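# any chance you could fold what I've pasted below:
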Amino acid sequence: MSSIDAITTQLAALEEGITGVTKAFAFDETPNALETAILPCMTNVPGEAEYTDAAEQFGAAVMVETREYEAWLWYAPVQRPPDALRQAGGIQTLIEAVKAYFLARPTLGGLRYCWRARLVGDSGPVVSAYASGATEYSAVGFRFVIEYLTGVTYEDGD
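Model (predicted):
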């Protein structure tokens with residue numbers, strides 16, 4: 001299993017444990033469209049990564065993959081601007097719940113090879129289309145920086 005699969009699968013499993021979240025999806029499970037019955041739901045998307053030699057810290061043949069992830073909370077459809085204002089209380093409650101949940105899990109619930117997972121911020125409530133669709137939703141993007149240990153098999157004789 002790749003690091004992206006392992007991490008987004010674990011993020012989704014943890015997100016489903018947050019009171020108020022109906023469904024969560026790993027990156028490879030991302031739905032093409034959102035159905036009202038699964039809202040509020042969360043999707044997980046990998047971003048940029050850096051790779052660092054960590055042999056001195058963890059032993060020979062170990063790299064640290066430091067990757068950014070976005071976990072999107074899709075709250076409810078928005079038909080007109082007042083809808084977003086009416087939804088503010090519910091979405092604010094979920095922002096606090098997601099924040100508290102992940103700050104308390106600095107290794108994503110003990111995920112193997114996860115050295116450190118940091119929730120570094122969120123977008124605040126926004127109105128956004130999902131997957132370039134016509135429907136807009138109240139949503140919040142949560143940003144993580146996750147450090148994952150990766151074994152390396154060196155082919156050079158050095």
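
# quick one: the helices in the protein?
3-15, 55-58, 81-86, 88-103 (DSSP state H).

# what would these look like in TSV with mean neighbour count?
The C-beta positions use only the backbone N, C-alpha and C, and glycine is treated the same way. As requested, the helices of the chain are exported to TSV (neighbours: other C-beta atoms under 10 Å):
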stretch	mean neighbour count
helix 3-15	20
helix 55-58	11
helix 81-86	12
helix 88-103	15
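
# mean pLDDT lowest for which of these?
Per-stretch mean pLDDT for the helices of the chain is lowest at helix 81-86 (a mean of 68).

# lowest-confidence helix or strand of this protein?
Lowest by mean pLDDT, DSSP states H and E among the helices and strands of the chain is helix 81-86, with a mean of 68.

# what sits against A88?
By C-beta atoms under 8 Å, 6 or more residues apart in numbering, the contact set of A88 is P125.

# okay, it and W72: tell me how far apart.
17 Å (C-beta to C-beta, to the nearest Å).

# repeat that for S2.
The value you get for S2 to W72, if C-beta to C-beta is used, is 21 Å.

# looking at those two, which is more packed in?
Between S2 and W72, counted using other C-beta atoms under 10 Å, W72 has the larger neighbour count: 20 against 11.

# check what pLDDT that one gets.
The per-residue pLDDT reported for W72 equals 98.

# ok, it - contacts?
Residues near W72 by C-beta under 8 Å, 6+ apart: 42-45, 139-142.

# who touches the nearest residue in space to L103 that is not next to it in sequence in this structure?
Spatial nearest neighbour of L103, excluding adjacent residues (C-beta to C-beta, 6 or more residues apart in numbering): L119 at 5.9 Å. Taking C-beta under 8 Å, 6+ apart, we find L119 in contact with 98-99, 102-103, 142-144.

# please apply the same query to V64.
Contacts of V64 by C-beta under 8 Å, 6+ apart are 51-52, 54, 115, 147-150.
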